[in-house]
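Novice: Return atomic coordinates for the entry below.
(4 chains)
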Number of protein chains: 2
Amino acid sequence: MPRVGLNQQTVVREAARLADEVGFQQLTLAALASRLGVALPSLYKHVRGADALAQKLAALATAELATEMSTAAVGRSGGDALRAMADAYRDYALRHPGRYPTTQRVPDPADPEHVEAGERAVGAIFAVLRGYGLTGDDAVDATRALRSALHGFVTLEAAGGFGLPRDVDRSYHQMVASMDISFRSWPRTGG
Amino acid sequence: MPRVGLNQQTVVREAARLADEVGFQQLTLAALASRLGVALPSLYKHVRGADALAQKLAALATAELATEMSTAAVGRSGGDALRAMADAYRDYALRHPGRYPTTQRVPDPADPEHVEAGERAVGAIFAVLRGYGLTGDDAVDATRALRSALHGFVTLEAAGGFGLPRDVDRSYHQMVASMDISFRSWPRTGG
DNA sequence: AAACCTTGGCTAAGTGTCTTAGCTTTAAAG
DNA sequence: CTTTAAAGCTAAGACACTTAGCCAAGGTTT
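Specialist: Below you'll find the predicted structure:
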């Protein structure tokens, strides 16, 4: 039997593509193997199992998202940076509906690339918030608030949770605009 | 064989309890059946299958959550109502970690109780926002923003996504305080 | 009380998923 | 050319959900 020549990276990248097509929940080792032209158990030569694959996928997606967030904010500050980053965030979630949910997985301490990616993502938010003069505990609180709003929005949108006809882009921009206001008048604790 | 005397309600209620104990993802028909003292296929006499059970669980949890949100806000207005409702929301998610995720499922149009529960939940938010003078499109946008923030926060918290030592209660209260400010100075569109 | 019949329980069996064990062959290294 | 690590394979097991079909409990009807 001729070898296909897989390695971990090709497996994970194909899993990412497949997840975007069918949804993360529907990503199955059987479908992935068939897509790669290999029998299912052969995947275990490259990935420890289904959970390990999900973790590697999370590392990949988190790195991609962190890069897009950072790139969007570069050269901007304040509300400009916030809007650009928020748009990049939602764009990513919409373009990669299968990868996005994995970005909320807690980074695996045993995977340095995953940890680094998570730090870059949070770091990007922190950098934007510094533009509002938010540091220390205030920055931590504001980061949590911003992550919550962005993640919550794209999650509800993906789940079809916004039933009413009101334009969803509009609602998102309003939310980001309101966060801009919030950050400018953030209830300071002086942490 | 003596009959256990199950019905749909007892099955769904036990599923809710079990989900809270082991997590929604770990809720399995096998575990539920064993907990109820029947063989697995017997459950199909009361529920159409695993997905239907999840839907009924969603209807139950959504109704519970809607009730707690409404109750918390009754007799209050403005920031008081907002804080009370937000606290009730997070309380519910923390007390019922297995039920909570099902509340984000889109209500099944074929299940009137589910639909009604969803409307009550959104209605409770709408009522609070009316206290800020928000109506029409503004209320829709603000509702989406509030739902996003609350849902995002409790989801990230449950996933262990808040790594830093900063107190999580504090961060939540800061977020809610900032939403209070946002709603008072909401970027109006006059919808 | 006896017959009836609805229904809630059961066992058996099939499908799809992940996983492990162990064999074979490729193809690179010496 | 021989050796060997690794990448593929088949076979088989553990669980999950689901369907089919049987049987008895227990209420209803005569």
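
Novice: Now do the same contact list for residue A:138.
Specialist: Listed by CB atoms under 8 Å, 6 or more residues apart in numbering or on different chains, the contact partners of residue A:138 are A:186, A:188, A:189, A:190, A:191. All C-beta spots, glycine's among them, are computed from the backbone N, C-alpha and C.

Novice: let's see 10 Å
Specialist: By CB atoms under 10 Å, 6 or more residues apart in numbering or on different chains, residue A:138 lies in contact with A:129, A:132, A:183, A:186, A:187, A:188, A:189, A:190, A:191, B:166, B:174.

Novice: low-scoring pLDDT stretches of chain A, where are they?
Specialist: Chain A contains residues with pLDDT under 70 at A:1, A:191.

Novice: Tell me the residues on it that lie near DNA strand D, please.
Specialist: Contacts of chain A with DNA strand D, taken as CB under 7 Å from any atom of the strand, map to A:1, A:3-7, A:38-42, A:45-46.

Novice: Make TSV from those and add neighbour count to it.
Specialist: Formatted as TSV, the residues of chain A next to DNA strand D follow (neighbours: other CB atoms under 10 Å in any protein chain shown):
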residue	neighbour count
A:1	5
A:3	7
A:4	10
A:5	6
A:6	18
A:7	9
A:38	18
A:39	11
A:40	13
A:41	9
A:42	15
A:45	11
A:46	18
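
Novice: picking up where we left off before, for PyMOL, write the select line for the buried members of the contacts of residue A:138.
Specialist: Selection of buried members from these for PyMOL, criterion 16 or more other CB atoms under 10 Å in any protein chain shown:
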select buried, (chain A and resi 129+132+183+186) or (chain B and resi 166+174)
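
Novice: circling back to that earlier point, among the residues of chain A next to DNA strand D, find me the one that's closest to residue B:103.
Specialist: residue A:40 (35.4 Å; CB to CB).

Novice: these two touch, right, the closest one and residue A:34?
Specialist: Yes: with contact defined as CB atoms under 10 Å, residue A:40 and residue A:34 form a contacting pair (8.1 Å).

Novice: Show me the helices in chain A, by range?
Specialist: A:8-22, A:29-36, A:50-73, A:78-95, A:112-130, A:136-158, A:168-184 (DSSP state H).

Novice: For chain B, what's its nearest residue on chain A.
Specialist: When distances are taken as CB to the nearest CB, chain A reaches nearest to chain B at residue A:152, 2.7 Å away.

Novice: All set, thanks.
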